[in-house]
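Quick one: sequence and predicted model below, then my questions.
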Amino acid sequence: MPKPSIALSVIVVNFNAGALLSRCVGAVLESFAEVEIYVSDNGSSDQSLAQLRARYGRDPRLHILENRANLGFARANNLALEQTRAPFLLFLNPDCIVQPNTLHRMIRFMESMPQAGMAGCVIRNPDGTEQVASRRTIPDPWVALVRFLYLDRIWPDLVGGKRLNRTDEPLPEAPVAVEAISGSFMLVRREALASVGPLDEGYFLHCEDLDWFVRFRQGGWQIYLVPDAEVVHYKGACSLRRPIAVEWHKHRGMVRFFRKFQSQRHSMPFRLLVMLGIWAHFLAVLIPQSLRQLKQGGKA
């Protein structure tokens, strides 16, 4: 099948993704779309860059940026963004493997839908099931608080049927506008990016994608899910070595997102309750993880 003349810049932020980085880059380079790919490395200490150079270092479509330190997800993406030149940009996690026709289908959709500022595809787990974040809504602080406190088990109608994930619903038969897609695969129109602005570097890791989704919609651009395109996501490959730090940045991102977009709509007591709920959730995650690390250390 001949490759169509489609210009796409792919940005991959790497931090110790291991062999998955080369698999990710290789799948992009072998796809049915004309691409350039930028790997923005956040000071990896594993062999991921060496393996990548050994396999694809001579391919002129591959560009490697070594940041020498962990600058965070948003900053590393924005640095690579400055060097890209294509009309469409794909922000892709290094643990995502695209199918041969995924990028071609996604770009064809974006070209046919001028109001689409961003689009995502179906995100699959390695076992073929749809990943939870594949289709979702913008987190509602009231829903999150009710579920964290298990109040919905006592009063099931307390959240009015609202939920964050939609993967238990049948996949749509055609592309559909959604509130949020997976941050592991975000195809963006450069024209939309120019009006909305780059990722907010105030987030270090997590929630910068949610921030972007809100800003794109506020800017009048639609976000779409394209159901006939897929990737396989080996979730968490870059965070296995430091789960506690990841949780810290995730919850810190939740606080920033709430303050930036949602806190104004609520009373001060509710704002304080949400903040308390976020950090209580962090402790609920932190304690068992710390205990597991202590046990693993004891066995070593």
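Cool, got the structure. Numbering: from 1, shown residues only.

Tell me which helix or strand in this protein has the weakest average pLDDT.
Of all regular secondary-structure elements in the chain, judged by mean pLDDT, DSSP states H and E, the least confident is helix 151-154 with a mean of 68.

what residues does the helix or strand just after it touch?
If you walk from helix 151-154 toward the C-terminus, the next helix or strand you reach (DSSP states H and E) is strand 176-177. With contact meaning C-beta atoms under 8 Å, 6 or more residues apart in numbering, strand 176-177 is reached by 222-225, 227. The way it works is simple: take the backbone N, C-alpha and C, and place the C-beta from them, glycine included.

any idea which of these is closest to residue 109?
Closest to residue 109 out of the contacts of strand 176-177 is residue 224 (7.2 Å), distances taken as C-beta to C-beta.

For that closest one, give me its contacts.
With contact taken as C-beta under 8 Å, 6+ apart, residue 224 is in contact with 109, 113, 116, 118-120, 175-178.

What segments of the stretch 151-300 of the chain are strands?
Secondary structure of the stretch 151-300 of the chain (DSSP state E, counting those that start in this stretch): strands at 176-177, 185-189, 222-233.

Mean confidence (pLDDT) on the shortest one, please.
In other words, strand 176-177. The average pLDDT for strand 176-177 rounds to 96.

Tell me the strands beside that strand, with direction?
Strand pairing for strand 176-177, using DSSP bridges, gives strand 222-233 (antiparallel).

and the strand it pairs with with strand 185-189, angle?
In terms of direction (axes from the mean of the first three to the mean of the last three C-alpha atoms, to 10 degrees), strand 222-233 departs from strand 185-189 by 140 degrees.

what distance separates strand 222-233 from the middle of the whole chain?
Centroid separation between strand 222-233 and its chain, computed with C-alpha atoms, centre = their mean, to the nearest Å, is 12 Å.

Stretch 171-185 now?
In terms of C-alpha atoms, centre = their mean, the centre of stretch 171-185 is set 13 Å apart from its chain centre.

Tell me the buried residues in that stretch?
Taking 16 or more other C-beta atoms under 10 Å as the basis for neighbour counts, the residues of stretch 171-185 that come out buried are 175, 178-185.

Kindly present those as a markdown table, with separate columns for distance to residue 30.
Converted to a markdown table, the buried residues of stretch 171-185 look like this (distance: C-beta to C-beta, whole Å):
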| residue | distance to residue 30 |
| --- | --- |
| 175 | 25 |
| 178 | 29 |
| 179 | 33 |
| 180 | 29 |
| 181 | 24 |
| 182 | 22 |
| 183 | 24 |
| 184 | 19 |
| 185 | 17 |
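
Can you tell me which of these comes closest to residue 51?
When the buried residues of stretch 171-185 are compared for distance to residue 51, the smallest value, 20.8 Å, is given by residue 184; criterion: C-beta to C-beta.

If we ignore the residues flanking it in sequence, what's nearest that closest one?
Take residue 184 and drop its neighbours on the chain: the residue closest to it by C-beta to C-beta, 6 or more residues apart in numbering is residue 93, 4.0 Å away.

count of neighbours near that neighbour?
Residues contacting residue 93 under the criterion other C-beta atoms under 10 Å number 25.

buried ones in stretch 103-116?
Applying a neighbour-count criterion of 16+ other C-beta under 10 Å, one finds 103-110, 113, 116 buried in stretch 103-116.

same deal with stretch 23-35?
By neighbour count, and taking 16+ other C-beta under 10 Å as the criterion, the buried residues in stretch 23-35 are 23-25, 27-29, 31-35.

who touches the one residue sitting closest to the centre of the chain in this structure?
The chain has residue 183 as the residue nearest its centroid, 1.7 Å off, counting by C-alpha atoms, centre = their mean. For residue 183, the contacting residues are 91, 93, 133, 208-210, taking C-beta under 8 Å, 6+ apart as the criterion.

And for stretch 250-266, what's in contact with it?
Looking at what lies outside stretch 250-266 - C-beta under 8 Å, 6+ apart - the contacts are 139, 141, 202-208, 210-211, 214, 271, 274-275, 278-279, 281-282.
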